[in-house]
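In: Model the structure of this input:
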Amino acid sequence: MKKQRILILVALLITPMILSFIKIDGAVENPIDEVITLNVLPNGAPAMDWNLEDIMSDTNYTFSSLGTPCITAMPLLREINDNYSGNPNFVLMSIDLESEEDANETALEDFASTYNMNWKIFRDTVNIANYYNVNSFPTLILFSKTQYIYYSEIGVSGTQHLIDMIDDLLSFSDSTDPIINEIEADKTSFSVLDNRFAVLANITDDTLRHVGYELEMGSYSDSKDFWKPSTYVMNYEFVVDPVAIYNATQYGITNTTINVIAEDFAGLSTTDNITIDVDNLVDAENPFVNITDIKEIDASTGHTFEIIATITDDLLVVNASVELLKNGASFESGIMELDSGNTYSIKFFNLTAKKGDIITVKVTGEDVAGKTTVDEGDYIITASVSLTLPIILATIFLANLIILPIRRIQVRKLTK
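Out: Numbers count the residues shown, from 1 in each chain. Down below sits the predicted model:
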């Protein structure tokens with residue numbers, strides 16, 4: 001009989017469900033002992049709805065009509081199915097993951113009969129596995145009754161932890177909206193343009209599923225999602241595009257709004273927002289750029305340089321880059337990192353150069369308005385690359401491999 005790859009779903013009407021991608025023969029004969037927690041999609045993300053035909057009854061069902069899914073390895077499905085036998089809120093589903101050209105419905109029916117799979121069985125014609133980003137078998141996903149991902153793992157060695165979660169979700173009850181107690185920011189305005197600010201939201205709910213932030217300012221927006229957070233106190237530092245902020249202020253926009261949404265597993269939600277003032281910023285000057293040091297820090301296997309520069313601007317420096325020229329020709333380039341204050345640095349490792357070569361360093365500073373300034377300096381290579389001890393030893397070893405056979409030949413000639 002041909003091997004089948006199927007996706008197993010346990011649907012719990014008006015309660016949770018588990019979705020499981022497995023290779024049936026492997027799951028039955030060789031269950032995986034190790035359980036690895038993972039997010040196929042993030043916990044709290046919505047499930048995929050679909051419309052497929054049950055091959056055993058030739059009846060079409062949608063995922064949403066069956067409730068929520070429960071997925072686990074084949075040898076353990078029977079235990080879960082028996083545990084909830086007669087429960088009208090429990091539905092177990094299997095979905096064949098064979099490709100359309102490899103699909104064999106007769107073989108699948110035979111397999112289902114052999115393993116007494118007396119539940120609904122579908123063939124995947126809508127790329128369910130791709131939606132959940134599943135590439136390992138078995139993979140299990142437990143959903144809430146409102147069809148959100150509640151838990152996921154790769155490899156199933158037991159059922160008790162699943163049964164405990166299913167029982168909790170079967171008794172699940174929540175009619176209270178999440179509460180956003182407060183939203184705070186580490187600054188109420190931008191006195192100088194700053195590309196980072198922290199946001200703190202204190203949110204309470206018994207079954208919190210998702211917290212999302214969205215920043216809006218003119219045509220610019222940024223967002224972040226937290227799915228099934230481990231704590232109800234959410235901290236997030238927005239990395240705001242400083243160029244977008246500057247451009248917005250030039251069109252007369254004077255504030256930015258941060259919207260916060262909190263959603264729970266019952267599908268209830270609450271929204272709130274905080275507004276931060278943005279000063280109308282004017283860029284009057286080009287950046288100031290000064291190379292403070294060009295030093296060679298290692299020449300054991302190649303020339304390694306560190307370049308340090310001071311870059312300042314009346315508003316904000318958004319880019320600091322370096323170009324190296326060797327004897328006038330472009331050689332290497334890179335982006336400098338901000339060390340502290342206005343000091344930027346970068347290292348270039350194991351550059352190929354020889355004694356007497358002239359390395360020209362060009363540092364460019366760019367500000368938020370797109371204005372640039374370049375400073376440059378020269379460094380003359382005064383020493384050749386030194387041979388380290390390992391290289392010397394390797395050279396001696398290779399030389400011996402060549403010399404020893406020659407000596408043997410000479411000894412043989414002398415003994416003739």
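
In: Just list the residues touching G377, thanks.
Out: When the contact criterion is CB atoms under 8 Å, 6 or more residues apart in numbering, the partners of G377 are 291, 294, 360-361. From N, CA and C alone the C-beta is placed, and that goes for glycine too.

In: Recalculate using a threshold of 6 Å.
Out: Contact criterion CB atoms under 6 Å, 6 or more residues apart in numbering gives 291, 294, 361 as the residues in contact with G377.

In: Need phi/psi at S144.
Out: phi -80, psi 170 (degrees, to the nearest 10).

In: ok, and the closest non-adjacent residue to it?
Out: Of all residues not flanking S144 in the chain, F265 sits nearest, at 4.5 Å (CB to CB, 6 or more residues apart in numbering).

In: and R78, which of the three is it?
Out: helix (DSSP: H, G, I helix; E, B strand; the rest coil).

In: Any stretches of this structure with poor pLDDT?
Out: Along the chain, segments meeting pLDDT under 70 span 1-40, 50, 55-56, 63-75, 97-104, 136-138, 155-157, 186-197, 229-238, 385-416.

In: for it, what spans make up the helices?
Out: Chain-ordered helices for the chain, with DSSP state H as the definition, fall at 24-29, 63-66, 74-83, 105-114, 128-131, 160-170, 242-250, 389-415.

In: ok so, going back, among the contacts of G377, which one lies nearest to D279?
Out: Sorting the contacts of G377 by distance to D279 puts I291 at the head of the list, at 31.8 Å, by CB to CB.

In: what about the strands in the stretch 251-400 of the chain?
Out: Remark: strands of the stretch 251-400 of the chain, listed N- to C-terminal, are 255-264, 269-278, 288-298, 303-312, 317-326, 329-335, 337-340, 343-351, 358-367, 372-380; assignment by DSSP state E, counting those that start in this stretch.

In: Show me the contact partners of the second one.
Out: It stands for strand 269-278. Contacts for strand 269-278 (CB under 6 Å, 6+ apart): 177-178, 180, 183, 185, 189-190, 249, 254-263.

In: Can you give me the domain boundaries for the protein?
Out: Structurally, the chain divides into domains by automatic domain parsing as follows: 5-170, 179-278, 288-380, 390-416.

In: Could you identify which of the ones you listed is most buried?
Out: The densest packing among the domains of the chain, expressed as mean neighbour count by mean count of other CB atoms under 10 Å, is seen in domain 5-170 with a mean of 19.

In: list the contacts for the residue nearest to S144?
Out: F265 sits in contact with 144, 148, 207, 209, where contact means CB under 6 Å, 6+ apart.

In: try 8 Å
Out: Contacts here follow CB under 8 Å, 6+ apart; on that basis F265 touches 44, 144, 146, 148, 150, 172, 174, 207-209.

In: ok, of these, which one's closest to T301?
Out: Once CB to CB is applied, the member of the contacts of F265 that ends up nearest T301 is G44, at 50.0 Å.

In: Among the contacts of F265, which one sits closest to M165?
Out: Nearest to M165 among the contacts of F265, counting by CB to CB, is Y150 at 7.1 Å.

In: Would you agree that closest one is in contact with L162?
Out: No. Counting by CB atoms under 8 Å, L162 is not a contact partner of Y150; they are 10.8 Å apart.

In: ok, back up a step: distance to Y220 added to the strands of the stretch 251-400 of the chain, as a markdown table?
Out: Supplementary listing: the strands of the stretch 251-400 of the chain in a markdown table, determined by distance: least, CB to CB, whole Å:
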| stretch | distance to Y220 |
| --- | --- |
| strand 255-264 | 8 |
| strand 269-278 | 11 |
| strand 288-298 | 28 |
| strand 303-312 | 25 |
| strand 317-326 | 15 |
| strand 329-335 | 23 |
| strand 337-340 | 23 |
| strand 343-351 | 26 |
| strand 358-367 | 18 |
| strand 372-380 | 23 |
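
In: which residues sit in contact with A284?
Out: For A284, the contacting residues are D314, taking CB under 8 Å, 6+ apart as the criterion.

In: and what of the one 10 residues further on?
Out: Residues touching I294, when contacts are defined by CB under 8 Å, 6+ apart, comprise 305-308, 359, 361, 377, 379.

In: how about those residues in a markdown table, adding distance to M48?
Out: A markdown table is the format used below for the contacts of I294 (distance: CB to CB, whole Å):
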| residue | distance to M48 |
| --- | --- |
| F305 | 53 |
| E306 | 52 |
| I307 | 51 |
| I308 | 53 |
| I359 | 57 |
| V361 | 54 |
| G377 | 59 |
| Y379 | 59 |
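
In: how about these, which pair is most distant?
Out: I308 and I359 (14.9 Å).

In: rewinding a little: ok, so of the contacts of G377, who is nearest S94?
Out: Within the contacts of G377, distances to S94 taken as CB to CB reach their minimum at V361, with 64.6 Å.

In: what is the closest one paired to in the beta sheet?
Out: In this structure, V361 has beta-bridge partners L324, G377, where bridges are defined by DSSP bridges.

In: The one 5 residues further on too?
Out: Going by DSSP bridges, E366 is paired in beta bridges with N319, T372.

In: What's the separation between it and T372?
Out: 5 Å (CB to CB, to the nearest Å).

In: Mutual contacts of the two, please.
Out: Jointly contacting E366 and T372 under the rule CB under 8 Å, 6+ apart are P287.

In: show me the contacts for the closest residue to I80 other than its chain neighbours.
Out: With CB to CB, 6+ apart as the measure, T159 is the residue that lies nearest to I80, at 5.6 Å, once sequence neighbours are left out. Neighbour list for T159: 72, 76, 79-80, 83 [criterion: CB under 8 Å, 6+ apart].

In: any chance of those in a markdown table, plus distance to E53?
Out: Putting these into a markdown table (distance: CB to CB, whole Å) gives the following:
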| residue | distance to E53 |
| --- | --- |
| T72 | 23 |
| L76 | 26 |
| E79 | 27 |
| I80 | 24 |
| N83 | 28 |
